[in-house]
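> heads up, no residue letters with this:
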């Protein structure tokens, strides 16, 4: 080997093991705050701030360690911000619930956090996209060491979610914080940097906003979104928040309150979503500025041309079933919604439902036998708690699984079941007002969280 070749090999080796000094790391972190309107560089100078603690931890972990560069500083620092900002830290939610002298518990699981330099293996952190099947691609992502997935679901996080997560906005795909009742975030300008985020779940948290914040529109790659039972409530259902979210397929906003001016305003935002296939608005209250209840109709569904599943149980609605339900619709849940009219619209549709919960409304008239023909792939049909004037037609008997069909559950009032075509009647069907449908994934994946009324799900596309 000649001298020149040896020099190049040596230089390559030195480049691989080159270390960052503490001053260099400090400069890299400070640069994130330069010109960034949602970050304040002054917080790095406050010794007790989570930012200062995260910076010190990053300096201790990465300074003078071979093979580390600005990419590792960026990801380590942001992960450290999450840890120090949300682990056992009080906020408005904890003060209201626990009192001023009590502190929330630490995270339920903090395995690996703040030990070593391999943040990709800390609990809830992944540096690969689990939706990618190709192992070579996943290995390449792991080798790149950029955080892609943050999943701290049901982990007792508290404090304030750090806006520094926006620093990683060009590669984070998933944020799942569901079922952390003390998790809090009050301001969302950092969404403007989250241009790769596809899966965003804050259901069951204390994230606070006046309704749906307009900043949601910055998440232009969003595919699935859950803000159910959160504090994104008691304000407008802003159409502007959903503008441009052309990839959004899944929306779950159960157990919230939204202020609207008219009935049409309640559901209008969802007609703007060309990719919407699953919509969950159970136990939602729409009200006007005087807190009087607003009962929207379901006519908007006729404009949702790709919808597969739509659930509105316990949400006060007006009118009845719309004609011309879209052909894509397979699962419709409308228990305890105060609907009226008859079931004829189920004949005037291109849809072929396989699940329908229409129980406990004020539907009347005969039960058309044509429903059994039009929707001959039905697995569940619940009609109990209405005021029908006929028996369940014999046509439904041929759909029962006991007769070789697909119908697993057929419910009605006991007086409507003399035909022998019901599998249950009245409260025996289990669809009482205190029962919430069981959540069940439709696919085995980290990200896809879909729901149906049974404990196992097969929603046809």
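Yep, it's here. Keep in mind that this is a model prediction, so the values were computed, not measured.
> low-confidence ranges, the protein, go.
1-17, 435-461 (pLDDT under 70).
> residue boundaries of the helices in it?
3-17, 22-33, 50-62, 70-86, 92-98, 135-144, 239-242, 263-267, 370-374 (DSSP state H).
> comparing those helices, which comes out most buried?
Across the helices of the chain, averaging neighbours per residue (mean count of other Cβ atoms under 10 Å) puts helix 70-86 on top, at a mean of 22. For the C-beta atoms, the positions are set from N, CA and C on the backbone; glycine is no exception.
> what comes up buried for stretch 113-120?
By 16 or more other Cβ atoms under 10 Å, the buried positions in stretch 113-120 come out as 113-114, 119-120.
> show me what that stretch is in contact with.
Stretch 113-120 has contacts (Cβ atoms under 8 Å, 6 or more residues apart in numbering) with 57, 61-62, 65, 68, 72, 75-76, 79-80, 83, 107, 112, 122-123, 125-127, 142, 145, 147.
> kindly report the same for stretch 244-252.
Under Cβ under 8 Å, 6+ apart, the answer for stretch 244-252 is 198, 203, 216-217, 219-228, 242, 270, 272-280, 448-451.
> which of the residues you listed are buried? Put it as a ChimeraX command.
To isolate the buried members of the contacts of stretch 244-252 in ChimeraX, using 16+ other Cβ under 10 Å:
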select :198,203,216,217,219,222,223,224,225,226,227,228,242,270,272,273,276,277,278,279,280,448,449,450,451
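> with residue 385 as the reference, name the closest of the helices of the chain.
helix 370-374 (17.4 Å; Cβ to Cβ).
> go ahead and flag the most central residue of this structure.
residue 226 (2.5 Å; Cα atoms, centre = their mean).
> for residue 198, see how far away that one is.
13 Å (Cβ to Cβ, to the nearest Å).
> residue 40 too?
In terms of Cβ to Cβ, residue 40 sits 28 Å off from residue 198.
> equivalent analysis for residue 379, please.
In terms of Cβ to Cβ, residue 379 sits 30 Å off from residue 198.
> just to revisit the earlier point, can you list the helices of the chain in TSV and add distance to residue 322?
Below are the helices of the chain laid out as TSV (distance: least, Cβ to Cβ, whole Å):
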stretch	distance to residue 322
helix 3-17	65
helix 22-33	50
helix 50-62	50
helix 70-86	44
helix 92-98	40
helix 135-144	44
helix 239-242	21
helix 263-267	11
helix 370-374	15
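> how about those helices, which one is nearest residue 162?
Using Cβ to Cβ, these put helix 70-86 closest to residue 162, at 4.2 Å.
> touching that closest one from outside, list them.
With contact meaning Cβ under 8 Å, 6+ apart, helix 70-86 is reached by 20, 25, 28-29, 32, 50-51, 53-55, 57-58, 61-62, 107, 110, 113-114, 117, 119, 122, 125, 144-147, 150, 152, 157-162, 164-165, 167-168, 183.
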